[in-house]
Each structure stands twice: as structure tokens, then as C-alpha cells.
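Trainee: return a 3D structure for these sequence lines:
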Amino acid sequence: MYSESAVVLARIQFAFTVGFHILFPAITIGLASFLAVLEALWLKSGQEAYRDLYHFWSKIFAVNFGMGVVSGLVMAYQFGTNWSRFSYFAGGITGPLLTYEVLTAFFLEAGFLGVMLFGWNRVGRGLHFFATAMVALGTLVSTFWILASNSWMQTPQGYKVIDGRAIPVDWFAVIFNPSFPFRLAHMAIAAFLATAFFVGSSAAWHLLRGRDNQAIRTMLSMSMWMALIVAPIQAVVGDAHGLNTLEHQPAKIAAIEGHWENIPGQPTPLILVGWPDMKAEVTRYAIEIPVLGSVILTHSFTKQVPALKEFPAQDRANSTVVFWTFRIMVGMGMLMILAGLWSLALRLRGGGGLYRSRLFLTLIQWMGPVGLIALIAGWITTEMGRQPWVIYGVMRTPDASSPQSTAQMGLSLALFVVVYFSVFSLGVMYMLRLVRKGPITDEGKLSTAGGPGQKRTAARPLSAADDDHDGGSGSAPHGS
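Mentor: Model prediction:
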């Protein structure tokens, strides 16, 4: 029997590393698509603002992409070091799924990333745009395979257990398991929203400091259109995801709701706030709205939502945590919807209020991390809500761990914390330095004249130095 404390430390270690990692792929997914849209708009309209924004955000994309790759490698090793029994049991399914990601997404990105970042004046316009589009597609393909693997752990199907190992018998059923479509859509949209508010916050920061040009305005306008259109769609997708979770993981929903028992014949109330007490089996200081829990979760005024006491104590997730992480996610989502609606009101009033309202710009500036906060809160909810199962209903978390001691796990966790905060904090600071520079436009001191197939100094995706160069030169790319 392995140490319970070691298992807890192994879970914390994986949560810590994946928490750092998920931030970078989320921005990578959104920025890759944003860059493809910017280049398409520039090719169609010829407006220099789109070209300037492409050069600006491609630098930030390059830094973010690199940190995402490095942080992702660590997690793969943890499957062998900390979760070896899980790898032994489920490796026949999760291994091929992650291999498919490498064979499709990584090869696609690796094949075109260099052209996208360094080929601006080396290849034709059509080929360069195709490379950008392929990198964007690669990030979405990567999301597809990662979510297929993780969703199978949430709602496993298409396998048989033979000699103590999960053997796939229907790959279509494995990949397109019941929760996969909802979780894939939810994650992709979350990445787009996180990126939209990152971009919008950057624009608001510059506008508040008096840097008002077409490129900055375009950044803010595009990000707010994304918030206005996509944030409500995310709410609809989230509702569908909730119904799916209620069907396949009812104990998770009960923990999220902090709902302990039903009164016979009465619909379930919605607990807005409270403090679920796992030992006392009650949610303290609860503020409830009658019937609303049934309406939201079952779309009925009479059906009841499963309660935590309907499940054995050993099969319950930690409601104290997931109750609040879910509400943080929903709260951030509502804030994004309101920001989108406010931006629409400012547009309709005319007079450039979208770019001049200091109150609105201050809000958007501080909303830069809300998409990432919602993303992290959502992942904590779905992963901790699955507990005590690492594969829901099939394999418990303690049964998946490696025989590590508490001292070993504590030491490795401490080293991860020190290294991650040292290395990735520097990376984030460097990326924010790039953001503070802002896009270089023809309206300012410097120029980035040229385009794919035309002579100019090549984009330097990792450079935060001033691009003080002769706009007509054809010098070689500079890296850092």
C-alpha cells in the first residue's frame, strides 16, 4: 500500500505543471488563428494595420509557442515517473492518442512554423499565408488529440480489460467518447476567448497611454467582436456540456452544486454561494434560489438533480474546491459577456467611444487574464470533479500512482516550483515586454514596409529590440 501523502503530492505536482502548461497552449491556439485571420485580411484589403499587427503578434506567438512546448514535455515524463501503473493499465489507449498528436499536429506545425516566422520576404504571399493557416490548423489538431485522450479518461468506452490492461477494441468509440465533442468545443472556444481578452487588454493599455492609431484600434475592435459573439456561444456550449456531465458523471455535478440531499417531491434549488463541508455533509451559509437548480441542470421545473449523499463517501469529489472553481469560471464568463455587450453599446453610440471611454478601457485592461483564470478554474473543476477516479468508474487515483515516497515527491515538487517560477516567470515577463512595445506602424517612427515576396528586413519573432532598420533592405533574418 503506497503512502497516501505521496499520492496527494503527486497529484499536486501534476496539477502544478499542467496548470502552468495549459496557459501557453491556450494562447497559442488563439494567436495562431488570429494571425491567420490578420494575414487573410491584409491580403484581401491591403490595409497596413493588419500587416503591422501580424508582425507584432507573431513575435509574441513565437515566445509563447516555445514555452508551451517546453512545459508540455515535462508532463509526458510524469506519466512514467509518478503514474506508472496508470501508464501500464491505459498506455495501450493514451499512448497511441498522444502519438497521433505528434504525427499530425507536431509535424504540421514543425513543417510550416519556420516559413511562418522567418519566411515573410522569402516566399510568395500565397505560400506564406498557407504556412500560417497550417500552423493554426496544427494547434487545433493538437487540441483534438489531447482532448480525445483526456475525455476518454472522463467517459471511457471502446475498450476491454484483458490481463489487467485496457485494450482498445473500437478506436472510433475511444476517440469520440460521450464527453469528447462537448469538451473539445468548450476548450477551443475558451482558448479563443482567453486570447481575445489578452489582445484587447494590450490594446486598452496602449490607448490609455495615448497611443491611438489604426493598428491599436483594430486590436481592440477585433477582440471585442470576438467577446460579443463567442462568449454567449460558450455559455450555450457550457450548458450542453453540463447536461452531458449530469448524464455520465452525476457525482461530479452534485459536488459542483454543493447539493447534499433532495427533499422528496421538490425540485432542486440552485446554491449561489456557500461553503460545502465535506465532514459535516452540509453546505454552510448557503444562499439558494428555489427550483433554479432543476431548471438549469435538467431543463425541467420538476426533475431533481442527484445529491452527494446518494453516492458513497469514498466516491465523492471534494465539493469545497469544485463548488468555488466552477463559480469562478462562470463568473469570469459572465464578465466577458458583459464586456462584449458594453463594447456593442459604445459602438452604437458612435463618436469613437469604444476607443475613448476611459472607464471601459480600464476595465478591458484589467480583464487581460480573465480568460486564462476561467480556463484554469474550469480545468480544476473537471479534473478534481472526476476524483477519486483517474479513469472514471474504472481506475481509482491511488491505484494509478507509482511507488514513490513522500520525501521523494516533496523534493521533486519543491524543485518544480522553483524552476517553473524562475524560468517561466522570465518568459512571461519577456512576452509582456513585447506587448508593451506595441505594433510598429507607418504612423510612428519606424516602418515595416513590404510583405511576402517583397524585399524587407525579415521579421524577428523573438526580438524585443527596436526594429530600427532600413525598410527597403533585404538583410537576413535575425534570431535571438
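Trainee: mean confidence (pLDDT) on the longest helix along the chain, please.
Mentor: Longest helix of the chain, by residue count under DSSP state H: helix 4-45. What helix 4-45 shows for mean pLDDT is 89.
Trainee: hey, C-alpha coordinates of stretch 82-91 in CSV?
Mentor: C-alpha atoms of stretch 82-91 as CSV (Å, rounded to 0.1, in the frame of the first residue of the first chain):
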residue,chain,number,x,y,z
ASN,A,82,4.6,9.3,-10.9
TRP,A,83,1.8,7.4,-12.6
SER,A,84,3.4,4.3,-13.9
ARG,A,85,0.5,2.0,-13.0
PHE,A,86,-1.8,4.2,-15.0
SER,A,87,0.6,4.0,-17.9
TYR,A,88,0.7,0.3,-17.6
PHE,A,89,-3.1,-0.1,-17.5
ALA,A,90,-4.1,2.6,-20.0
GLY,A,91,-1.0,3.0,-22.1
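Trainee: just the buried positions in that stretch, please.
Mentor: 82, 83, 84, 85, 86, 87, 89, 90, 91 (16 or more other Cβ atoms under 10 Å). To be clear about C-beta, it is placed using only N, CA and C from the backbone, and glycine gets the same treatment.
Trainee: is the second one in contact with residue 11, as I believe?
Mentor: No: with the criterion set as Cβ atoms under 8 Å, residue 83 and residue 11 do not qualify as a contacting pair; they are 9.6 Å apart.
Trainee: related to what we said a few turns ago, state the next helix or strand along the chain beyond the longest helix of the chain.
Mentor: Going down the chain from helix 4-45, the next helix or strand is helix 48-81, by DSSP states H and E.
Trainee: same for that following helix, what does it pack against?
Mentor: Judged by 3 or more Cβ pairs under 8 Å, 6 or more residues apart in numbering; DSSP states H and E, the packing partners of helix 48-81 are helix 4-45, helix 84-101, helix 107-118, helix 214-248, helix 406-437.
Trainee: possible to save those helices as JSON lines with distance to residue 320?
Mentor: Formatted as JSON lines, these follow (distance: least, Cβ to Cβ, whole Å):
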{"stretch": "helix 4-45", "distance to residue 320": "15"}
{"stretch": "helix 84-101", "distance to residue 320": "25"}
{"stretch": "helix 107-118", "distance to residue 320": "40"}
{"stretch": "helix 214-248", "distance to residue 320": "19"}
{"stretch": "helix 406-437", "distance to residue 320": "22"}
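Trainee: and of those helices, who's closest to residue 150?
Mentor: Ranking the helices and strands packed on helix 48-81 by proximity to residue 150 (Cβ to Cβ) places helix 84-101 first, at 9.0 Å.
Trainee: give me the residues contacting the closest one.
Mentor: The contact list for helix 84-101 (Cβ atoms under 8 Å, 6 or more residues apart in numbering) reads 76, 79-80, 141-142, 145-146, 148-149, 152-153, 159, 164-168, 174-175, 390-391, 395, 399-402.
Trainee: strands along the stretch 301-450 of the chain, start to end?
Mentor: 389-391, 395-396 (DSSP state E, counting those that start in this stretch).
Trainee: low-confidence ranges, the chain, go.
Mentor: 1-2, 441-480 (pLDDT under 70).
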